[in-house]
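Enquirer: Let me see the structure of the following:
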Amino acid sequence: MSKILLHACCAPCTTFTNKWLTLHGFEVSGFFYNPNIRPPEEYDKRLKTMEQYAAAVGLKVLYEPNDVQTEMDNCENCCRVRLRKTAQLAKELGCDFFSTTLLISPYQDHELLKTVGEQVSAELGVAFFYHDFREGFRESQQVA
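Expert: Okay, the predicted model is just below:
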């Protein structure tokens, strides 16, 4: 069974993505890391919901404190910061792959996510797993 560290932007986006990966033979761990979320109340709401979801389904999630919010000046920088941190942690944990729940959103630039993921993969030596999870977007909203 391949181990994957899944960057999680929020619990709703994690529901389908986690289910799909598990059904396809991955041992999934989550990584909640979102220095781009503002205001702090929104971050806290997402954090609390992620903790509740993880407890309900038994998903192991690592949480990166968000004491200082990082200024994200563009989409590429935002993706790169989050995917690099995820890949670094995946490598430390001995995971075979890293990926992100951002791949479920029809509002995200999949080509950008894929390109940045592959660049980070080449830099850090841990494989980026790309799958177009948008097929489960509506389901994730219903579950939420």
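
Enquirer: For this structure, which element, helix or strand, carries the lowest mean pLDDT?
Expert: For the chain, counting by mean pLDDT, DSSP states H and E, helix 137-143 ranks last in confidence among helices and strands (a mean of 84).

Enquirer: So which residues of the protein form strands?
Expert: 2-8, 26-32, 61-63, 97-100, 127-128 (DSSP state E).

Enquirer: Indicate which one of the ones you listed is closest to Tyr43.
Expert: strand 26-32 (10.0 Å; CB to CB). Quick note: C-beta positions are derived from backbone N, CA and C, even for glycine.

Enquirer: need the helices for the protein, in chain order.
Expert: Secondary structure of the chain (DSSP state H): helices located at 11-23, 40-57, 75-93, 110-124, 137-143.

Enquirer: Please identify which of the ones you listed is closest to Glu64.
Expert: Between the helices of the chain, helix 75-93 lies closest to Glu64; by CB to CB that is 6.9 Å.

Enquirer: Cheers, nothing more for now.
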